[in-house]
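> A structural model of the following input is requested.
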Amino acid sequence: MPDIKELTEKIRKFRDERDWMQFHNHKDMALSLVLEAAEVLEHFQWKSPDEIVKYAKTHKDEIAEELADVGMYLFELADNIGIDLREAMEKKIEKNNSNYPVEKARGKHTKYDKL
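Below is the predicted model:
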């Protein structure tokens, strides 16, 4: 399975073969990322928790496509800005581990500054 770098290279190749970089400025990429995330959310809008579980099982392919769109915009935006997404995620996990120590956060949804 390709890693983040390999997937980013595939996304970049796809974009560049079509000469789309001219349209992929940071603002429009961030906007597209949010719009695609909203399309993920749309699958769950107005559904009860029980309906969501059933719906997710029966619409997995459609949800996967929307999540893939989110991921591709995310990877490309990070690449365009020069952010090593793998490194950024590793740092964020470390920060979250510090902000949400297991002994304080386990089983709670409380924000770190209220633990």
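
> domain assignment for the chain?
4-83, 84-115 (automatic domain parsing).

> now, of those domains, which is deepest in the fold?
Ranked by mean neighbour count, these are led by domain 4-83 with a mean of 13 (mean count of other CB atoms under 10 Å). Every residue, glycine included, has its C-beta placed from N, CA and C.

> For the protein, list the residue farthest from the centre, please.
Distance from the C-alpha centroid of the chain, by CA atoms, centre = their mean, peaks at residue 103 (27.8 Å).

> coming back round to it: adding mean pLDDT as columns, could you present the domains of the chain in a markdown table?
Shown next, in a markdown table, are the domains of the chain (pLDDT from 0 to 100):
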| stretch | mean pLDDT |
| --- | --- |
| domain 4-83 | 97 |
| domain 84-115 | 94 |
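
> Residue 8 against residue 76, yeah?
Yes. Between residue 8 and residue 76 there is a contact under CB atoms under 8 Å: 7.1 Å.

> what's the next secondary structure element after the one helix or strand residue 87 maps to?
Here residue 87, judged by DSSP states H and E, is contained in helix 85-99. Once the chain leaves helix 85-99, the next helix or strand it forms, by DSSP H and E, is helix 102-105.

> and the spatially closest residue to residue 100 that is not a sequence neighbour, what does it touch?
The shortest distance from residue 100 to any non-neighbouring residue, by CB to CB, 6 or more residues apart in numbering, is to residue 112 (5.6 Å). If you count contacts by CB atoms under 8 Å, 6 or more residues apart in numbering, residue 112 has them with 99-100, 105.

> if I look at residue 112, how far off is residue 91?
To residue 91, residue 112 is 16 Å away according to CB to CB, to the nearest Å.

> can you give me the offset of the host helix or strand of residue 66 from its chain's centre?
Applying DSSP H and E as the criterion places residue 66 in helix 60-81. Mean-position distance between helix 60-81 and its chain equals 6 Å (CA atoms, centre = their mean, to the nearest Å).

> Alright, I will stop here.
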